[in-house]
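A.B. asks: Got a sequence here, can you build the structure:
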Amino acid sequence: MRVYLAGPITGLSYGEAVDWRERWAADLIELGHTPVTPMRGKAYLSRMRKLRPEGYEEFITSSAKGIYSRDCFDVAQCDVLLARFLGAEEVSIGTVMEIQRAHDYGKYILAIMEKDNPHRHAFVEQACSLVTETDEEALDILAVLGEGYT
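C.D. replies: Next up, the predicted model:
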């Protein structure tokens, strides 16, 4: 299965936006899944102190249009959208938009967030297939989701 790794990016450093995605990608590959990250091909952003919500017009794939169009394409092509909100201090509008698009496409949506997370909202929780509080539980769910029928 193709698993899109959604989650907050705005206000984070490049490393903060990439680190958890790299760990998850390794685990997903081990399970036989194909991880898809919105941060792929964007190492040039590593020199930015904090990533901006409006994008970077000087980089076509990180322009506002570049970000939106590729992320929408990726969500449409994935089987599962994993929205990881652990530690979020403010709502990620982009990730919430990705959840809605995935819901509209009939994708399986798995969210990870604490009980007091700012993304705990009726709309977000109802759009998600499941919501868990830990990476481990989410990985277990994805392991079973990817198994064949016997």
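A.B. asks: what ranges do the helices span in the chain?
C.D. replies: For the chain, the helices defined by DSSP state H occupy 14-30, 64-77, 93-104, 122-127, 135-145.
A.B. asks: Let's have those helices in JSON lines, adding mean pLDDT.
C.D. replies: Formatted as JSON lines, these follow (pLDDT from 0 to 100):
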{"stretch": "helix 14-30", "mean pLDDT": "97"}
{"stretch": "helix 64-77", "mean pLDDT": "97"}
{"stretch": "helix 93-104", "mean pLDDT": "98"}
{"stretch": "helix 122-127", "mean pLDDT": "98"}
{"stretch": "helix 135-145", "mean pLDDT": "96"}
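A.B. asks: winner for burial among those helices?
C.D. replies: helix 93-104 (a mean of 18; mean count of other CB atoms under 10 Å). Just so you know, the C-beta spots here come from the backbone N, C-alpha and C atoms, and that holds for glycine as well.
A.B. asks: Show me what that helix is packed up against.
C.D. replies: Applying 3 or more CB pairs under 8 Å, 6 or more residues apart in numbering; DSSP states H and E, one finds that helix 93-104 makes contact with strand 2-6, helix 64-77, strand 80-84, strand 108-112, helix 122-127.
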